[in-house]
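[1] Need a 3D model of the following:
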Amino acid sequence: MKSRIQKSEELKKLRDKLPKSKITVFTSFSPSTGSGQVKSKEKGLSVAQMTELKRLLRGMKSEYFVTKKTLMDLALKDKNYDGLDMYKMEGSIGLVLGEDDPYLVAKKIYEFSRKNQSLHFWGALIEGKFIGKDGFLEIAKLSSKEVLFGRLVGMLTYPMRGLAVALSEVAKKKEATS
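    Numbering: from 1, shown residues only. All right, here's what the predicted structure looks like:
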């Protein structure tokens, strides 16, 4: 059990890191059935998996932060995020505090969770707004920026290419008739 001093230091550390975070993802790393009871066959993240997750996040200027729900609630209390209730989140809660591109962080931890079924999501704070699990998963499943930009460029150039082909055919017909 942590002393009062350790808890206050942890709270201060969390309060310092939260404003710098572009994305804060609420995760559960221990199994739960949804009714508050632990699944008997499923285990939480192992030490090796937790180390792998922390190493992955470190490469993106992010970190995985685990502390008591009470301390998380105190750190977030003055912000009043709609829909955010720490005590409705079951199991052991961990925070991904990401200072890098929020979409990249979301995508990488989603990919990690696909390989490690014990990591579950409760939602995320992105740009000062809380989004639930479904909204977070939508963002995490988005294609990369490069792919989206490529699609946009393709959609924008398609009409111009069509016009160029049509004008080329008209020019060929005029040459054939002259």
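[2] Going by C-alpha atoms from here, please, whenever you check contacts or count neighbours.
    Will do.
[3] right, and the helix or strand after the helix or strand hosting Leu104?
    Assigned by DSSP states H and E, Leu104 belongs to helix 102-115. Next helix or strand after helix 102-115 toward the C-terminus (DSSP H and E): strand 120-126.
[4] And that next one, how far out from the chain middle?
    Here strand 120-126 is found 7 Å from its chain centre; the criterion is C-alpha atoms, centre = their mean, to the nearest Å.
[5] And that strand, what does it pack against?
    strand 23-28, strand 129-132, helix 133-140 (3 or more C-alpha pairs under 8 Å, 6 or more residues apart in numbering; DSSP states H and E).
[6] swap the cut-off to 10 Å and go again
    Helices and strands touching strand 120-126, by 3 or more C-alpha pairs under 10 Å, 6 or more residues apart in numbering; DSSP states H and E, are strand 23-28, strand 93-98, helix 102-115, strand 129-132, helix 133-140.
[7] Run through the residues that contact the most centrally placed residue in the chain.
    The centre of the chain sits closest to Ala106, judged by C-alpha atoms, centre = their mean, with a distance of 2.4 Å. Residues in contact with Ala106 (C-alpha atoms under 10 Å, 6 or more residues apart in numbering) are 23-25, 96, 98, 112, 124, 136-142.
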